[in-house]
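J.: Show me how the following folds:
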Amino acid sequence: MPAIDHVRVRQQASRLATLSIDPTMFRRELRSLCQLYSDACLRQSSVVALHTPLKGYGTPQPVFKTFVQATRRALETDPGVTFALAKALWQVDGREERMFAAHLLADCVPASPYVVTETLSTWLQDLNDAPLTDTLGQTVGSALLIAAQTPVERSTQCQSWLRDSHRWTRRFGIAALQGLVSQRRTSDIHSILTALSPTMSEADAEVRGAVVTVLRELTQVAYQDVLHFMREWAIGFDRHAHWIIRQCLDSLDNDIRLELMGLMMRNNTFGKVTA
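T.: Predicted structure coming up:
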């Protein structure tokens, strides 16, 4: 990978954006740029290739972000072209292309949330990759929650994801909540914690890991609320909830860590979750 020249990256991003009306040319140019900035170690590792469902190039985040922002700016007044390009990029079996598609589809939500929801339902069936799932949730998922007309509609939409039988759809739903928190787009922390409550008993390690991430994020904006939530779960016997709490301990004050550990030891679970 060459040294990152930010002036050059911006120039490349501008050229990429001019190709947005031609999805075929855009995909070709994006793939070429991702290859140019690819992580050679990631590309050559047989272990990574074996355990990674989607092909990716390990494009540095600052570079990838510059490409996305330039294209979004060029398309901000044309949701039709944005939607067409998003669908075309999703057809590529590559992580960077599909992450790019997620950002573009999120931009289409204000213009037509129902069309986006219909498209998303198809995309969710394709998910089998944690980084892509998180990106899709934090972009499209959070945008749909923000666009919900009422708190009831928002809650219903979120619960439909979190209770889905597909593990990656559940992780997507959690990532959508994380997007709300990281963007500071909600002050109703209680509703987020209420939505997360059923996931504290989650048996799937991929989904539990996402719960940990959003709880750690929440401690930055609503420390006392999260602490109260964790106390309620610490005094129970749910081993999955205890595992989640243990992964969050280093984001808490030392006295609180000791308190929660004491509560969990007092109500020692019958088995330990290790992953």
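J.: rest of the way, CA atoms for contacts and neighbours
T.: Fine.
J.: could you pull out the helices for the stretch 1-150 of the chain?
T.: Along the stretch 1-150 of the chain, counting by DSSP state H, counting those that start in this stretch, helices occupy 6-18, 23-36, 40-44, 46-51, 61-75, 79-90, 95-107, 113-126, 130-136, 142-147.
J.: Determine which of these shows the lowest mean per-residue pLDDT.
T.: The minimum mean pLDDT among those belongs to helix 46-51 (a mean of 46).
J.: Just name the most buried of the helices of the stretch 1-150 of the chain.
T.: helix 95-107 (a mean of 24; mean count of other C-alpha atoms under 10 Å).
J.: sorry, back to before: for residue 199, which of the helices of the stretch 1-150 of the chain is the nearest?
T.: helix 130-136 (15.9 Å; C-alpha to C-alpha).
J.: Mind listing residues that contact that closest one?
T.: Identification of contacts with helix 130-136 by C-alpha atoms under 8 Å, 6 or more residues apart in numbering yields 95, 98-99, 102-103, 127, 168-169, 171-172, 175-176, 206.
J.: Helices of the stretch 151-275 of the chain, start to end?
T.: Counting by DSSP H, counting those that start in this stretch, the helices of the stretch 151-275 of the chain are 151-162, 167-182, 189-196, 205-218, 223-234, 239-248, 254-266.
J.: Turn those helices into CSV, including mean neighbour count and mean pLDDT.
T.: Converted to CSV, the helices of the stretch 151-275 of the chain look like this (neighbours: other C-alpha atoms under 10 Å; pLDDT from 0 to 100):
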stretch, mean neighbour count, mean pLDDT
helix 151-162, 16, 90
helix 167-182, 26, 94
helix 189-196, 16, 90
helix 205-218, 21, 95
helix 223-234, 17, 95
helix 239-248, 22, 96
helix 254-266, 15, 93
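J.: wait, doesn't residue 127 sit right on residue 170?
T.: No: contact criterion C-alpha atoms under 8 Å: residue 127 and residue 170 do not qualify, at 10.9 Å.
J.: Could you export the helices of the stretch 1-150 of the chain as TSV, including distance to residue 237?
T.: Listed next are the helices of the stretch 1-150 of the chain as TSV, based on distance: least, C-alpha to C-alpha, whole Å:
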stretch	distance to residue 237
helix 6-18	52
helix 23-36	47
helix 40-44	41
helix 46-51	33
helix 61-75	40
helix 79-90	42
helix 95-107	38
helix 113-126	33
helix 130-136	28
helix 142-147	32
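J.: Of all the ones you listed, which one is nearest residue 235?
T.: Closest among those, using C-alpha to C-alpha: helix 130-136, at 30.0 Å.
J.: And that closest one, how far out from the chain middle?
T.: 4 Å (C-alpha atoms, centre = their mean, to the nearest Å).
J.: follow-up on the earlier one: could you identify the most distant pair in the contacts of helix 130-136?
T.: Farthest apart among the contacts of helix 130-136 by C-alpha to C-alpha are 103 and 206. That separation is 22.4 Å.
J.: Tell me the spacing between the nearest residue to residue 175 once chain neighbours are set aside and residue 172.
T.: Nearest residue to residue 175 in three dimensions, chain neighbours excluded: residue 137, at 4.7 Å (C-alpha to C-alpha, 6 or more residues apart in numbering). Using C-alpha to C-alpha, to the nearest Å, we find residue 137 at a distance of 5 Å from residue 172.
J.: go on, residue 145?
T.: 12 Å.
J.: Check residue 246 too.
T.: 22 Å.
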